[in-house]
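A.B. asks: Using only what follows, build the 3D model:
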Amino acid sequence: MILFKCMEKGVAFKTIDGNMITLRPALVITQQEMDAALDVIEGAIGEVERGSNY
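C.D. replies: The predicted structure is shown next:
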């Protein structure tokens, strides 16, 4: 669920062992871009915690 919510907002990642998120940003990512990606992930986690489904 979290993965799909993030993908809708342009952030893709992989999961390992079902509970670890693995990000692979470009080597030239800026701090602002990384902060934005983490904000998207944090927001998606919050939505799922609040029960927001599709």
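
A.B. asks: residues contacting E49?
C.D. replies: If you count contacts by C-beta atoms under 8 Å, 6 or more residues apart in numbering, E49 has none. No exception for glycine: its C-beta is placed from N, CA and C like everyone else's.

A.B. asks: any idea how far it is from E42?
C.D. replies: 11 Å (C-beta to C-beta, to the nearest Å).

A.B. asks: L3 now?
C.D. replies: For L3, the distance to E42 equals 14 Å [C-beta to C-beta].

A.B. asks: Which one of the two is surrounded by more residues?
C.D. replies: Neighbour count, other C-beta atoms under 10 Å: between L3 and E42, L3 has more, with 15 against 10.

A.B. asks: Distance of that one relative to A12?
C.D. replies: Applying C-beta to C-beta to L3 and A12 gives a distance of 8 Å.

A.B. asks: go on, V40?
C.D. replies: 10 Å.

A.B. asks: any shared contact partners between these two?
C.D. replies: C6.

A.B. asks: If you count surrounding residues, which of the two has more?
C.D. replies: Neighbours were counted for V40 and for A12 using other C-beta under 10 Å; V40 has more, 17 against 10.
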